[in-house]
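**Student:** Sharing a sequence plus its predicted fold:
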Amino acid sequence: MSTNSSPRIGQWYRHLDKGESFLVIGYDERTGTAEIQTFDGDLDEVDSESWDELRVAPIEPLHAI
């Protein structure tokens, strides 16, 4: 179960199970799909059903060195 209600564009999150961090860069309300980008730059999409099952928590913004 996710620790947050819904993905927020511009918010960084951390996978509580994996320790990986990602940024929500887009959200399609019609399809309920969040577009995410990892710290390494990889892009992915997460549908609302999968989001609800993720164990994630919002974190402070990450910045590349």
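**Tutor:** The structure has been received and is ready for your questions.
**Student:** Longest strand in the chain, please.
**Tutor:** If you go by DSSP state E, the chain has its longest strand at strand 21-28.
**Student:** my read: R8 touches V24, true?
**Tutor:** Yes - at 6.1 Å, R8 counts as touching V24 under the criterion of Cβ atoms under 8 Å. (Glycine included, C-beta is placed from N, CA and C.)
**Student:** Settle it for me: which of these two has more neighbours?
**Tutor:** More crowded of R8 and V24, by other Cβ atoms under 10 Å: V24, with 20 against 13.
**Student:** Does the closest residue to that one other than its chain neighbours belong to a helix, a strand or coil?
**Tutor:** Closest residue to V24 apart from its sequence neighbours, by Cβ to Cβ, 6 or more residues apart in numbering: P7 at 4.5 Å. Under DSSP: H, G, I helix; E, B strand; the rest coil, P7 falls in the coil class.
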